[in-house]
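Undergrad: take this sequence and fold it.
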Amino acid sequence: MSRNIKFTKTTLENLKHSTKLEKWYDKTCEGLACFVQPLPSANKTYYAHWSVVTYDASGKQKRSGRYKRICRVGQKPLDEVKAEVITKLKIWKAGNITSSSVKTTGSLVGEYIKYGAGGFRVKNKSKKQRYKPVTATGYKNVLTTYALVDTKKEHLKTMLTAPFRISDNYYYKKQLAELPLDKLTKKDVEIWHSRMESIPSAANRALAALSVVFEWDANRQVPTHKGSNPCLRVTKYEEHKDKRWIDSPAKILEIVKYCQDQQWRDPHFLSFYLTLLEYGERLSDSFGLVWRKPTSIAEQLKCTGWIDWQKKEIYLRDTKNRQDASPEMTEELFTQLQKLQNLISDKDTKASWAVGSKWVFPRPTDPSKPINNSSYRVKLRDFHYKMGLATREHVRGTGKRKVYKYTNHFTFKHLRKTFVTTYGRRYGLEKASQRMRHSSLIVTKEHYFNEDKEALKTHKSIYDVGDNVVTLKKVGKDAE
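TA: Numbering: from 1, shown residues only. Model prediction:
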């Protein structure tokens with residue numbers, strides 16, 4: 001008989017007492033159970049339940065149940081009990097793992113997320129440096145998704161948990177997060193990395209983040225993992241660098257002219273688009289710009305930079321290389337931002353909603369915050385379709401109710417690559433690398449710059465000096 005039922009006040013009251021302990025489980029709330037005690041006590045009690053993975057001496061996986069008493073039935077409303085289980089189940093699980101004598105990879109990753117991700121960098125060149133907030137957040141997200149498999153995407157769960165075929169008659173069924181640290185090997189990490197073959201870039205970043213976890217643990221006073229870092233010398237996937245750029249100068253000029261002439265249609269979006277084209281800085285540095293320099297240090301730390309109107313520069317407070325920068329604005333960008341200010345101050349424009357906001361590009365849903373990665377996602381798709389940089393296909397519907405599937409061939413990041421390529425072809429690769437403040441020419445060339453293949457072709461001999469050069473006097477036998 002199934003012990004899974006839907007917990008309601010009526011069903012709990014109708015549970016009968018027998019001569020032995022009966023355990024019932026709520027199929028609508030993960031982790032909630034009700035224990036019905038045998039007579040004569042006849043008590044009914046709420047418990048939280050979960051399973052713990054252990055391994056015997058041979059490495060065989062075993063699961064055992066764990067329970068935590070909550071309260072007697074009737075002492076708290078059922079909805080309140082369910083809310084408590086939903087909120088605290090992960091904490092109870094983690095507490096159980098931490099207190100266990102067997103440390104797992106998952107528990108170590110959890111400790112790093114809780115205590116290490118916001119600390120000092122493991123790999124530094126010369127001095128102690130704290131993780132930048134965006135880096136710490138990135139590590140947490142990658143580890144949570146790919147190491148702990150805490151994600152709502154079913155295809156990722158299947159990819160990371162399904163039996164992995166090693167040979168014709170052997171399937172690997174172990175889960176990385178559940179492996180005890182004293183049994184974790186390089187082979188286990190390689191198989192985990194191999195599971196993500198279809199997403200090579202994400203796989204390499206997940207491997208790098210996991211390696212940081214073991215390096216962080218090795219630097220602790222009492223390391224949890226004994227032995228060398230199992231992520232070292234695991235072969236990474238080859239990544240194909242996406243260096244797409246808008247390779248038509250006529251199309252770029254068309255877009256620039258549209259942003260200038262039609263700014264009134266969508267002032268903030270078109271100004272942001274032109275900023276990326278004319279300025280070429282990273283998205284993260286462009287999101288949090290403010291109109292003028294904040295008066296206090298605390299306020300300065302909350303933004304990414306500000307506009308210096310006198311010098312016609314945009315000051316960036318903390319770029320990727322941890323240095324400030326003040327690249328000059330082009331005349332087109334300077335004029336565009338001035339017009340944006342005027343449109344904001346005029347109550348009869350489409351930019352007046354941002355009046356009073358300190359941000360150059362405030363979030364449409366909340367002007368007190370700057371834009372983020374998703375703020376202009378739909379606008380960018382529609383704008384690129386209008387400009388011929390996106391395509392669409394009809395899915396269903398007729399008339400005004402047609403539904404289309406869009407394919408956007410360029411993103412905001414490709415505008416940076418467009419800037420670097422155009423700048424580099426005009427002034428040279430070295431100048432482009434210096435303008436973008438890259439650590440080496442290799443970074444610029446491999447990630448951003450596109451060579452002009454036609455300019456590299458050799459149509460004539462490179463030693464052909466023309467007819468106006470004096471012919472050298474012949475010597476030797478040829479002179480006779």
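
Undergrad: tell me which stretches of the stretch 301-450 of the chain form helices.
TA: 331-345, 377-386, 412-427, 429-435, 441-447 (DSSP state H, counting those that start in this stretch).

Undergrad: give me whichever of those helices is most buried.
TA: helix 412-427 (a mean of 19; mean count of other CB atoms under 10 Å). Bear in mind the C-beta positions are built from the backbone N, C-alpha and C, glycine included.

Undergrad: that helix packs against which elements?
TA: Judged by 3 or more CB pairs under 8 Å, 6 or more residues apart in numbering; DSSP states H and E, helix 412-427 is in contact with helix 249-261, helix 267-279, helix 283-287, helix 429-435, helix 441-447.

Undergrad: out of the ones you listed, which gets nearest to Ser374?
TA: The minimum distance between Ser374 and those falls on helix 283-287, with 11.3 Å, by CB to CB.

Undergrad: so how far is the longest helix seen in the chain off the chain centroid?
TA: The residue-count maximum for a helix in the chain (DSSP state H) belongs to helix 78-99. Distance of helix 78-99 from its chain centroid, counting by CA atoms, centre = their mean, to the nearest Å, is 28 Å.

Undergrad: what is it packed up against?
TA: Using 3+ CB pairs under 8 Å, 6+ apart: helix 78-99 touches strand 32-36, strand 44-55, strand 61-72, helix 105-111.

Undergrad: residues of that helix that come out buried?
TA: Across helix 78-99, burial judged by 16 or more other CB atoms under 10 Å covers 78, 81-82, 84-85, 89, 92-93, 97.

Undergrad: what sits against the nearest residue to Asp346 once chain neighbours are set aside?
TA: Excluding its sequence neighbours, the residue lying closest to Asp346 (CB to CB, 6 or more residues apart in numbering) is Ser352, at 6.3 Å. Ser352 makes contacts with 343-346, as judged by CB atoms under 8 Å, 6 or more residues apart in numbering.

Undergrad: out of the residues you listed, which one sits closest to Asp366?
TA: Ile344 (16.1 Å).

Undergrad: enumerate every residue touching that closest one.
TA: Each residue near Ile344 by CB under 8 Å, 6+ apart is listed here: 267, 351-352, 354-355.

Undergrad: of those residues, buried ones?
TA: Among the contacts of Ile344, those buried by neighbour count (16+ other CB under 10 Å) are 267, 351, 354.

Undergrad: got the residues you listed as CSV, with distance to Leu108 and pLDDT columns?
TA: Formatted as CSV, the buried ones among the contacts of Ile344 follow (distance: CB to CB, whole Å; pLDDT from 0 to 100):
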residue, distance to Leu108, pLDDT
Pro267, 50, 96
Ala351, 50, 94
Ala354, 46, 95
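
Undergrad: figure out which of the helices and strands packed on helix 412-427 is closest to Phe361.
TA: Between Phe361 and the helices and strands packed on helix 412-427, the shortest gap by CB to CB is with helix 267-279, which sits at 5.1 Å.

Undergrad: got the angle for that closest one vs helix 249-261?
TA: With axes from the mean of the first three to the mean of the last three CA atoms, to 10 degrees defining the directions, helix 267-279 sits at 140 degrees from helix 249-261.

Undergrad: quick one: helix 267-279 to chain centroid distance?
TA: Counting by CA atoms, centre = their mean, helix 267-279 is centred 23 Å from the centre of its parent chain.

Undergrad: report the angle between it and helix 331-345.
TA: Interaxial angle, helix 267-279 versus helix 331-345 (the same axes, to 10 degrees): 160 degrees.

Undergrad: check which helices and strands helix 267-279 sits against.
TA: Contacts defined by 3+ CB pairs under 8 Å, 6+ apart place helix 267-279 against helix 249-261, helix 283-287, helix 331-345, helix 377-386, helix 412-427.

Undergrad: out of the helices of the stretch 301-450 of the chain, which gets nearest to Ser286?
TA: Closest to Ser286 of the helices of the stretch 301-450 of the chain is helix 412-427 (CB to CB; 8.7 Å).

Undergrad: how about residues contacting the closest one?
TA: Contact partners of helix 412-427, identified using CB under 8 Å, 6+ apart, comprise 242-247, 249, 252, 273, 276-283, 376, 380, 431-432, 435-436, 444, 447-450, 452.

Undergrad: count the residues that sit near Ser296.
TA: Other residues within reach of Ser296, judged by other CB atoms under 10 Å, total 8.

Undergrad: ah, wrong one, I meant Ala117
TA: Number of residues near Ala117 (other CB under 10 Å) recorded here: 19.

Undergrad: what is the mean pLDDT for the longest helix of the chain?
TA: Taken as a whole, helix 78-99 has an average pLDDT of 77.

Undergrad: pull the residues that contact that helix.
TA: 7-9, 12, 26, 29-32, 46, 48, 50, 52, 66, 68, 70-71, 104, 106-107, 110-111.

Undergrad: selection in PyMOL covering whichever of these are buried, please.
TA: Burial among the contacts of helix 78-99 is assessed by 16+ other CB under 10 Å; the matching PyMOL selection reads:
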select buried, resi 7+12+26+29+31+32+46+48+52+68+70+104+106+107+110+111
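
Undergrad: what about the residue positioned nearest the centre of the chain, distance to Ile255?
TA: Nearest to the geometric centre of the chain sits Gly138, at 5.5 Å (CA atoms, centre = their mean). Applying CB to CB, to the nearest Å, the value for Gly138 to Ile255 is 31 Å.

Undergrad: contacting residues for His394?
TA: Residues near His394 by CB under 8 Å, 6+ apart: 402-404.
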